[in-house]
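S.K.: How does the following fold in three dimensions:
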Amino acid sequence: MRFPTLSAWLRRLLLTTCWLAALLCAHGAGSADDAVKKNRPYRIANTDKLRIAIFQEEDLSTIARVDTNGAVNLKLVQSVRVAGLTISEAERTIEAAYRDNRYLRNPQVTVNVEEYAPREVTIMGQVRAPARYPLPIESPMTILDLVTKAGGFTDVAKGTEVKITRIGPDGKSQTIVVDVESLIKGKSKANPGESSIELEDGDIVYVPERII
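M.R.: Alright, predicted model coming up:
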């Protein structure tokens, strides 16, 4: 019976080690991506109810609801816009409002969401279950996710020209056209960036009918 030489054994060991390392790195990268998605920072929305505490300033601490203009009404500084900001960004913005207006020298603000506003998107047209769907609080929903939730396209859907209509903070309407069919089928003409477009509260998605 012949046994492999030492050098052959070392080569096999090295190849096995490299293979295991690559496998672990790939698994780790996927887990990290998932973690980023799951731990995505929440952005404050209109009608969220916030608990705003200022260290050693109990008289200024309050519970306020974000109004339709995206602002909270606070003692002394009045209206401060926080919609669209992360929690940490809102804390820094409120601190700046008190500091810049010279009410507090070194304010330390803590913001917590007491009550989340309902966040929805609407999908209409040629999908099997057109309806309003809630957006997850701390994880993104893409156009692919929404089409899947809506049961997929009907047989006459024109999935190459799905329209996302979005109203911006300035009240202006924006339309984004996405070739969802190519993304689903993995066609070469698909734009990978389109698969990562995150839907926002109030978005309206329309799937047109294919002209036969």
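S.K.: Sketch out the strands for this structure, chain order is fine.
M.R.: Using DSSP state E, the strands of the chain run over residues 49-54, 62-65, 71-74, 78-81, 109-115, 120-125, 131-134, 162-167, 173-178, 204-207.
S.K.: Dihedrals phi and psi, residue 102?
M.R.: Reported as degrees, to the nearest 10, the phi and psi values for residue 102 are phi 60, psi 30.
S.K.: circling back: okay, the strands of the chain, which one's buried deepest?
M.R.: The highest mean neighbour count among the strands of the chain, using mean count of other CB atoms under 10 Å, belongs to strand 204-207: a mean of 21. C-beta: built from backbone N, CA, C; applies to glycine.
S.K.: export the strands of the chain to TSV and tack on mean pLDDT and distance to residue 144?
M.R.: What follows is the strands of the chain, written out as TSV (pLDDT from 0 to 100; distance: least, CB to CB, whole Å):
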stretch	mean pLDDT	distance to residue 144
strand 49-54	96	32
strand 62-65	95	33
strand 71-74	96	34
strand 78-81	94	32
strand 109-115	96	28
strand 120-125	96	12
strand 131-134	96	13
strand 162-167	93	10
strand 173-178	91	9
strand 204-207	96	11
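S.K.: okay, the ones you listed in a markdown table with distance to residue 99 next?
M.R.: Formatted as a markdown table, the strands of the chain follow (distance: least, CB to CB, whole Å):
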| stretch | distance to residue 99 |
| --- | --- |
| strand 49-54 | 11 |
| strand 62-65 | 18 |
| strand 71-74 | 13 |
| strand 78-81 | 12 |
| strand 109-115 | 10 |
| strand 120-125 | 37 |
| strand 131-134 | 37 |
| strand 162-167 | 33 |
| strand 173-178 | 35 |
| strand 204-207 | 40 |
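S.K.: nearest to residue 94, of those strands?
M.R.: Relative to residue 94, the nearest member of those by CB to CB is strand 109-115, separated by 4.7 Å.
S.K.: Can you name every helix or strand that that closest one contacts?
M.R.: Applying 3 or more CB pairs under 8 Å, 6 or more residues apart in numbering; DSSP states H and E, one finds that strand 109-115 makes contact with strand 49-54, helix 87-100.
S.K.: what's the closest of the strands of the chain to residue 143?
M.R.: Across those, residue 143 has its closest neighbour in strand 173-178 (5.5 Å, CB to CB).
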